[in-house]
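Peer 1: I'd like to go over a predicted model; first the sequence, then the structure.
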Amino acid sequence: MSYEQWCKTQLTEKKVLSYLQKALKKQNPVPEVDKICLIKREGDFVYKGYSTASRRLIKENQRIPVPIYQAVYKNALKDYPGYEKLLCRKRAEYERQNQAFEEMDEDPGIAGWLEDFSLWDSSLMEQIRLNEIQRHDINLTLQKRYALLQWEQGSGKTLAGIATGLYRMQNQNIHSTWVVSSAISIRNNWNVVLANYDLPCILIRRLADLERIQPGYFVLITLNKVSSYKKHLKKYVKRLNQNIQLILDESDEISNPGSARCQAVLSCFRRCRMKLLTTGTSTRNNISEFAPQLELLYNNSVNMISWNQYVYHHSKDNASDGDPDWDLNPYLGKPIPAYKKGYALFAASHLPEKITVFGMEKRTQDIYNADTLNSILGKTVITRTFEEVSCKDIKQIHQVLLRFPPEEKEVYQKAIHEFHQMRNNYFASTGNSRKDSMMRLVQQIILLLRIGAAPDTVQEYTGDTPVKVMTAVEMAAAWKNEIVAIGVRHNAVLESYERALQEYLPDRPLFVVTGANTSFAKRRALRQTLKDSGNGILLCTQQSLPSSVNFEYVNKIIIPELHYNNSGMSQFYFRFIRYTSTEQKDIYFLTYAGSIESNLMQMVLAKEKLNLFMKGQDVDLDEIYDRFNVDYDLLSLLMRQEKDENGILHIHWGEQQIA
């Protein structure tokens, strides 16, 4: 006997236990009964015969399992004897969840509770209450088990989450409220606010903290901790019979389905009883980022069935401005599948391409199957702008268009036409010539954006203080008695502005904040220090103030370096626009005309069109231009990506005139 044969025939523990189990079953066999019954399995109904004779009598149409979701939305109770009560309960829950928010009325019992709801803020020594619009929206979300509250930044999402958690725990027998968010939001906002309101809470720092959770507690946990403790959290929530209220604050943090934090949140909380997601914007770059949040809410159930008849895709053979190809939807009438298959289906159903820096004019950013998407949004998302919630219109965006002087134009031209000479100074080789070739265009765009933000950050620049930097300095100097905030994206750019501000405005207090050198505690302490300065300048990276660190008394905000979407920038400038703000807020975008920044601005506006659609506003680009105060011909300033006679991609100036 060979060794391979021996491995197959040798006795093992599993074989012995299996034999003993079969032998014990044969000792007391279940007597066969000639009957056919409808039984419920894990996800479907099917007819089962309890004897050999009865199994032969099962009809062909009864042998096909019927998914439970199909039984629920078809609402044919008589076809499923013995399960009428179960299906009736599921159907009522489905109808309640499937009702559009605009068709719902306020519940009088919930309205009375919200009217009496108030919190005492021990830090501000004042009573905190919800306003009428906040009460209305929270009333509607409390009537459903799952909802997404899309209030613009500064509109009171934290207070809405607290009210939701308290109502569920006091009136619906929920064990505890779990708040999941980014570290800065949990530590700088939720942990501080709940302590100020004297509400019972626990911050999960280690696994032992799970044993300290009591009924009625707010449980605070960061996204990183969810990833680290995924296995233990999943078991603990299951031990509670999923009877918790989940509040995922800043839910756009799980917009990347491939990230560990997204997969961990889905694994731990997709089955919990009540879920509320809150965010200022559910999408940042494209519509498919909404899919993981939808999956977390509905867990691929009857509430997220794909009703799109067609799905779309662009083939490589298509002209750049041609219509997409379409196929029949293989999941028509079925729940959107979990994970990658579902994300691909969602993208193919509504927007089968991403928006890039180039190609703004080539393919229209039309949304396919818009009616179906609107139906999903209508029953899932309540959207409010800051102006709607606060009843204040105090935000004004200004576009400051700059022109390249000769010395800046020279280095910009060099980065376009002689990038191969500059490349090794700023980008390390991967050691693989093929990868280096693929990365060339991306690296060139990054370098062009860096030069546009601060040309003096590259070695090849020989001029004085750049025009954009001087413009920001002059604007700050003009506001002698104002506190000014300047937000950039990279440390090298921040250092350029820091040098210029120290040189030209030595008498103005300067506060520099980055994520690396300023702790959460220092950022909180800076609020009062900056306010006491009277005319200080806050110079920071935009990502160092993404959420929960607010400077509501700052009225002048300068953004000289654009983000890849307005969602990223609004997270920054809404740190200065809060519910309690009363004064006018001016936001200034500084861009070089005819540079890659024009393409970036056009990309930001095109993405904002999609983001606004996800917020229930179907607007065209002209209206978005008005909102962003773009009163010049932006399309004529775009740079273009073209191929030379050898088929190699290059970046070229467009038809615009560069001063």
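Peer 2: Happy to help now that I have it. Numbering: from 1, shown residues only.
Peer 1: contacts and neighbour counts: CA atoms only from here.
Peer 2: OK.
Peer 1: centroid residue for this protein?
Peer 2: Of all residues in the chain, the one closest to the mean position by C-alpha atoms, centre = their mean is residue 252, 1.4 Å from it.
Peer 1: helix, strand or coil for the nearest residue to that one once chain neighbours are set aside?
Peer 2: Spatial nearest neighbour of residue 252, excluding adjacent residues (C-alpha to C-alpha, 6 or more residues apart in numbering): residue 282 at 5.2 Å. For residue 282, the reduced secondary structure class is coil; criterion used: DSSP: H, G, I helix; E, B strand; the rest coil.
Peer 1: returning to what we had before: was I right to think the residue nearest to the centre of the chain contacts residue 285?
Peer 2: No: using C-alpha atoms under 8 Å, residue 252 makes no contact with residue 285, being 10.8 Å away.
Peer 1: contact partners for the residue nearest to residue 252?
Peer 2: Listed by C-alpha atoms under 8 Å, 6 or more residues apart in numbering, the contact set of residue 282 reads 150, 251, 252, 255, 289, 290, 611, 614.
Peer 1: show the pLDDT at the residue nearest to residue 309 when sequence neighbours are not counted.
Peer 2: Once flanking residues are discounted, residue 309 sits nearest to residue 329: 5.4 Å by C-alpha to C-alpha, 6+ apart. In this prediction, residue 329 carries a pLDDT score of 91.
Peer 1: residue 518: neighbour count?
Peer 2: By the criterion of other C-alpha atoms under 10 Å, residue 518 has 14 neighbours.
Peer 1: typo on my end, it should be residue 81
Peer 2: When neighbours are defined as other C-alpha under 10 Å, residue 81 has 11 of them.
Peer 1: state the three-state secondary structure for the closest residue to it other than its chain neighbours.
Peer 2: The shortest distance from residue 81 to any residue that is not its chain neighbour, by C-alpha to C-alpha, 6+ apart, is 7.3 Å, and that residue is residue 38. Under three-state DSSP, residue 38 falls in the strand class.
Peer 1: point out where the chain drops to low pLDDT.
Peer 2: Segments of the chain classed as low confidence (criterion: pLDDT under 70) are 316-322, 352-366, 546-548, 614-616, 631-659.
Peer 1: how is it divided into domains?
Peer 2: The chain resolves into domains spanning 101-387, 392-653 when parsed by the TED database.
Peer 1: can those domains go into JSON lines with extra columns for distance to residue 71?
Peer 2: Listed next are those as JSON lines, based on distance: least, C-alpha to C-alpha, whole Å:
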{"stretch": "domain 101-387", "distance to residue 71": "10"}
{"stretch": "domain 392-653", "distance to residue 71": "30"}
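Peer 1: what is the neighbour count of the closest residue to residue 105 other than its chain neighbours?
Peer 2: In space, not counting the residues next to it along the chain, residue 105 is nearest to residue 140; the distance is 7.5 Å by C-alpha to C-alpha, 6+ apart. When neighbours are counted by other C-alpha under 10 Å, residue 140 registers 19.
Peer 1: likewise for residue 29?
Peer 2: When neighbours are defined as other C-alpha under 10 Å, residue 29 has 8 of them.
Peer 1: which residues touch the nearest residue in space to residue 32 that is not next to it in sequence?
Peer 2: In space, and not counting its chain neighbours, residue 32 is closest to residue 51: 4.9 Å by C-alpha to C-alpha, 6+ apart. The neighbourhood of residue 51, defined by C-alpha under 8 Å, 6+ apart, consists of 32, 33, 34, 35.
Peer 1: pretty sure the last one sits against residue 56.
Peer 2: Yep, that's residue 35 we're talking about. No: counting by C-alpha under 8 Å, residue 56 is not a contact partner of residue 35; they are 11.0 Å apart.
Peer 1: what about stretch 168-188, start to end distance?
Peer 2: Terminal residues of stretch 168-188 are spaced 25 Å apart (C-alpha to C-alpha, to the nearest Å).
Peer 1: OK, contacts around the residue nearest to residue 309?
Peer 2: 308, 309, 310, 311.
Peer 1: repeat the analysis, applying 6 Å as the threshold.
Peer 2: Contacts here follow C-alpha atoms under 6 Å, 6 or more residues apart in numbering; on that basis residue 329 touches 309, 310, 311.
Peer 1: ok, and the most crowded of those?
Peer 2: Neighbour counts for these were taken using other C-alpha under 10 Å; the highest belongs to residue 311, with 23 neighbours.
Peer 1: and that one, what helix or strand is that in?
Peer 2: In this assignment (DSSP states H and E), residue 311 forms part of strand 310-313.
Peer 1: and residue 177, by the same measure?
Peer 2: According to DSSP H and E, residue 177 maps onto strand 176-181.
Peer 1: residue 470 now?
Peer 2: When secondary structure is defined by DSSP H and E, residue 470 falls within helix 467-478.
Peer 1: with just CA atoms, put that helix into PDB.
Peer 2: What follows is helix 467-478 as a C-alpha-only set of coordinates in PDB (Å, rounded to 0.1, in the frame of the first residue of the first chain):
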ATOM      1  CA  VAL A 467       2.200  84.800  -6.600                       C
ATOM      2  CA  LYS A 468      -0.300  82.500  -5.000                       C
ATOM      3  CA  VAL A 469       1.600  82.500  -1.600                       C
ATOM      4  CA  MET A 470       1.900  86.300  -1.800                       C
ATOM      5  CA  THR A 471      -1.900  86.600  -2.600                       C
ATOM      6  CA  ALA A 472      -2.700  84.600   0.500                       C
ATOM      7  CA  VAL A 473      -0.300  86.700   2.600                       C
ATOM      8  CA  GLU A 474      -1.800  90.000   1.200                       C
ATOM      9  CA  MET A 475      -5.400  88.800   1.900                       C
ATOM     10  CA  ALA A 476      -4.500  87.900   5.500                       C
ATOM     11  CA  ALA A 477      -2.700  91.300   5.900                       C
ATOM     12  CA  ALA A 478      -5.800  93.100   4.600                       C
END
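Peer 1: starting at the chain centroid, how far to that helix?
Peer 2: The gap between the average C-alpha position of helix 467-478 and the chain average comes to 34 Å, counting by C-alpha atoms, centre = their mean, to the nearest Å.
Peer 1: quick check: next helix or strand after it?
Peer 2: Moving toward the C-terminus from helix 467-478, the next helix or strand (DSSP H and E) is strand 484-488.
Peer 1: contacting residues around that following strand?
Peer 2: 537, 538, 539, 540, 541, 542, 556, 557, 558, 559, 561.
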